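Asker: sequence? don't have it. structure:
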């Protein structure tokens, strides 16, 4: 792959990776809150509500990861159609594999 294509892919992934990491850190903080609530004997409604927020944050992070994998897969296919080789060292996901990953979160 040319340096231009590699840098474009890396530049596109950096903000997405930061966004995913931020969402996961938020979920981590929410999980700490659930653990604290359980250990302090909080009302079960509060614990379940907090736990629901953790699950939602993890789901959103997972969907974001899959969304970016789909975008990468499609842009890799466009590059392949244009005669550019695939990303070095990266195993391309087929659309079927991306779909399976997406459905595993549903």
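Answerer: Happy to help now that I have it. Being a predicted model, the structure only gives us computed values, none of them experimental.
Asker: List the buried residues in stretch 48-55.
Answerer: 50, 51, 53, 54 (16 or more other CB atoms under 10 Å). Placement of C-beta: from N, CA and C, glycine included.
Asker: Check the second one and give its pLDDT.
Answerer: Looking at residue 51, its pLDDT reads 95.
Asker: list the contacts for it?
Answerer: By CB atoms under 8 Å, 6 or more residues apart in numbering, the residues touching residue 51 are residue 34.
Asker: which SSE is it in?
Answerer: helix 44-81 (DSSP states H and E).
Asker: how far out from the middle of the chain is that helix?
Answerer: How far helix 44-81 lies from its chain's middle: 4 Å, per CA atoms, centre = their mean, to the nearest Å.
Asker: What is the subsequent helix or strand relative to that helix?
Answerer: For helix 44-81, the following helix or strand on the C-terminal side (DSSP H and E) is helix 95-105.
Asker: what is the rounded mean pLDDT of that next one?
Answerer: Averaged over helix 95-105, pLDDT sits at 78.
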